[in-house]
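Student: Predicted model and sequence follow; I will ask about them next.
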Amino acid sequence: MESIWVIGLMSGTSLDGIDAAYIKTDGVQVEEFGPGLTVPYEPAFRAALFDLLQNPLSTNKTTLEQDLTDRHTRVVRQLIDESSIQPQLVGFHGQTIFHHPRTETSKAQTVQIGDGQRMANDLGIPVVYDFRQNDVSEGGEGAPLVPVFHQALAHDLPRPVAFVNVGGVSNITVITDKRLYAGDTGPGGALIDDWMQKKAGVSYDKNGEMAASGTIQNHLIKQWLQHPFFDQDLPKSLDRQTFYHCLGDCEQLNTADGAATLTALTARAILKALLPYPEIQTLILTSGGRHNLFLRKQLGEVSCVQTTEDFGWNGDLIEAQAFAYLAMRSHQNLPLSFPTTTGAFKSVSGGEGYLSTLVHQQWHLYVVSVYNGRKLILILRINILGKLVNASQFC
């Protein structure tokens, strides 16, 4: 299939806002990167989402889901208006409010809020949503899903290479000549952000400056790294709240020491997950964590660290671009996940496609002509997108 323009949307576990970005793709290669934007959540809405993470069964869930969907829809309209590019497809991830990794006795569970049909109806554009459930039904973790996009980005880079995505949760993608490996590594920026909000009244540690002024409490990190999660092999996944107890363990620390210790935990968990891949010499850091200079220093003590910008990619938009790419792969029924990235039994596609109800409305066009002295009436049924549904002929 030829490449088309797709908009991808992402609201990650950092809960900081909505990223939206265009790419032009056929679901295999990325032909062109288009414009994008980020729209932050105001504090009240971010707080409401955070409360929903604490209680995913809240009676406020439906109202928040509609509000979240409408906010994403407005961002899509804004991006279209600013770019004058008409997308043919939208990839809408939604907001993860609950994720429970699989166990020996039960499948993984993952819940995202967002109404793909509502968005499709409002935009009049096909929307792909619910990317993770098919992977879960096939025995996978449902996360991470971005690695196949990392692989597309790195198609001409020397192998092996590793991407390190530090969002609310951290995960890695290891790309070798033969295989793609991936999984969550541990906490990302979420614990640091929550700590800074609680202790300093700010939403994050800008450039890692607070952490850089503190002292790492190694006894706490040693204690935290004893958690069974860190002994599991890839692929594996994590909920944003899994290590929330670490904030309580830091309660007696000052703001700087807490930030330094939580940031060091993120770094050491990443490096621990990379131990089975000693051939990896370079890490490509992406998402918000790449701005944390203290984190980069911690990782740089072991590996050469570069950022997405070193390769000409926009690290702030890379996950939104990924869900545009995944939407096109879903449309083409191509795999989104693999046994070595999520633990699924086999390579599986995913996502649910939603057509606008407008697409099902049809116009009837009557064409009357005379052929060999006989009157012919041709009835053409055409939907609102200009696609011919069918034609009937009467004499």
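Tutor: Here it is on my side, so go on.
Student: Phi and psi next, for the closest residue in space to residue 304 that isn't next to it in sequence.
Tutor: Distance criterion Cβ to Cβ, 6 or more residues apart in numbering; nearest residue to residue 304, sequence neighbours excluded, is residue 282 at 4.7 Å. (C-beta placed from N, C-alpha, C; glycine too.) Note on residue 282: backbone dihedrals following degrees, to the nearest 10 are phi -130, psi 130.
Student: Could you report the distance from residue 282 to residue 347?
Tutor: Distance of residue 282 to residue 347, computed by Cβ to Cβ, to the nearest Å: 27 Å.
Student: Roughly how far does residue 31 sit from residue 96?
Tutor: Distance of residue 31 to residue 96, computed by Cβ to Cβ: 29 Å.
Student: Equivalent analysis for residue 46, please.
Tutor: Residue 46 sits at a distance of 14 Å from residue 96 (criterion: Cβ to Cβ).
Student: Residue 202: how many residues sit nearby?
Tutor: Number of residues near residue 202 (other Cβ atoms under 10 Å) recorded here: 11.
Student: Also residue 251?
Tutor: A count of nearby residues for residue 251, using other Cβ under 10 Å, gives 9.
Student: Show me which helix runs longest in this structure.
Tutor: The residue-count maximum for a helix in the chain (DSSP state H) belongs to helix 61-83.
Student: Pairing partners for the very next helix or strand once past that helix, with directions?
Tutor: Counting by DSSP states H and E, the element after helix 61-83 in chain order, helix or strand, is strand 89-100. According to DSSP bridges, strand 89-100 has the following sheet partners: strand 4-11 (parallel), strand 109-113 (antiparallel), strand 127-129 (parallel).
Student: Can you check the pLDDT for residue 299?
Tutor: According to the prediction, residue 299 has pLDDT 94.
Student: need the contact list for it.
Tutor: Contact partners of residue 299, counting by Cβ atoms under 8 Å, 6 or more residues apart in numbering, are 164, 267, 270-271, 283, 285, 305.
Student: now the residue nearest to residue 304: how far from residue 91?
Tutor: Per Cβ to Cβ, residue 282 is found 29 Å from residue 91.
Student: Looking at these two, which has the bigger crowd around it?
Tutor: Set residue 282 next to residue 91 and count neighbours by other Cβ under 10 Å: residue 91 wins out with 30 against 14.
Student: So what pairs up with that one in the strands?
Tutor: residue 8, residue 128.
Student: Am I right that it is in contact with residue 8?
Tutor: Yes. Between residue 91 and residue 8 a contact is recorded at 4.4 Å, counting by Cβ atoms under 8 Å.
Student: Pull up the overlap in contacts between the two.
Tutor: With Cβ under 8 Å, 6+ apart, residue 91 and residue 8 have common neighbours 323-327.
Student: Reformat those residues as JSON lines; add neighbour count and secondary structure.
Tutor: Below are the shared contacts of residue 91 and residue 8 laid out as JSON lines (neighbours: other Cβ atoms under 10 Å; DSSP: H, G, I helix; E, B strand; the rest coil):
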{"residue": "323", "neighbour count": "31", "secondary structure": "helix"}
{"residue": "324", "neighbour count": "33", "secondary structure": "helix"}
{"residue": "325", "neighbour count": "26", "secondary structure": "helix"}
{"residue": "326", "neighbour count": "28", "secondary structure": "helix"}
{"residue": "327", "neighbour count": "31", "secondary structure": "helix"}
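Student: Can you list the residue ranges for helices in this structure?
Tutor: 43-54, 61-83, 116-123, 133-137, 147-153, 190-200, 209-212, 218-224, 245-249, 255-273, 293-300, 318-331.
Student: wait, which of these is closest to residue 104?
Tutor: Comparing the helices of the chain against residue 104 with Cβ to Cβ, the closest turns out to be helix 133-137 (15.9 Å).
Student: Contact partners for residue 347?
Tutor: Taking Cβ under 8 Å, 6+ apart as the test, what residue 347 contacts is 335, 337-339.
Student: Please identify which of these is nearest to residue 116.
Tutor: Compare each of the contacts of residue 347 with residue 116 using Cβ to Cβ and the shortest gap goes to residue 337, at 19.0 Å.
Student: How confident is the prediction for residue 220, by pLDDT?
Tutor: Residue 220 is given a pLDDT of 98.
Student: Correct me if wrong: it contacts residue 249.
Tutor: Yes. Between residue 220 and residue 249 there is a contact at 5.8 Å, judged by Cβ under 8 Å.
Student: what about these two, which has more around it?
Tutor: Using other Cβ under 10 Å as the criterion, residue 220 and residue 249 rank with residue 220 on top: 19 against 16.
Student: ok so, going back, between residue 31 and residue 96, which is the more surrounded one?
Tutor: Neighbour totals were compared for residue 31 and residue 96, and residue 96 leads with 24 against 13 (other Cβ under 10 Å).
Student: Look up how far residue 259 lies from the residue nearest to the spatial centre of the chain.
Tutor: Nearest to the geometric centre of the chain sits residue 319, at 4.8 Å (Cα atoms, centre = their mean). Residue 319 sits 24 Å away from residue 259, going by Cβ to Cβ.
Student: ok, residue 343 - contacts?
Tutor: Residues near residue 343 by Cβ under 8 Å, 6+ apart: 102, 139-141, 235-236.
Student: If you could redo that for residue 143, that was the one I meant.
Tutor: Counted by Cβ under 8 Å, 6+ apart, residue 143 has contacts 99, 110, 132, 171, 184, 237, 342.
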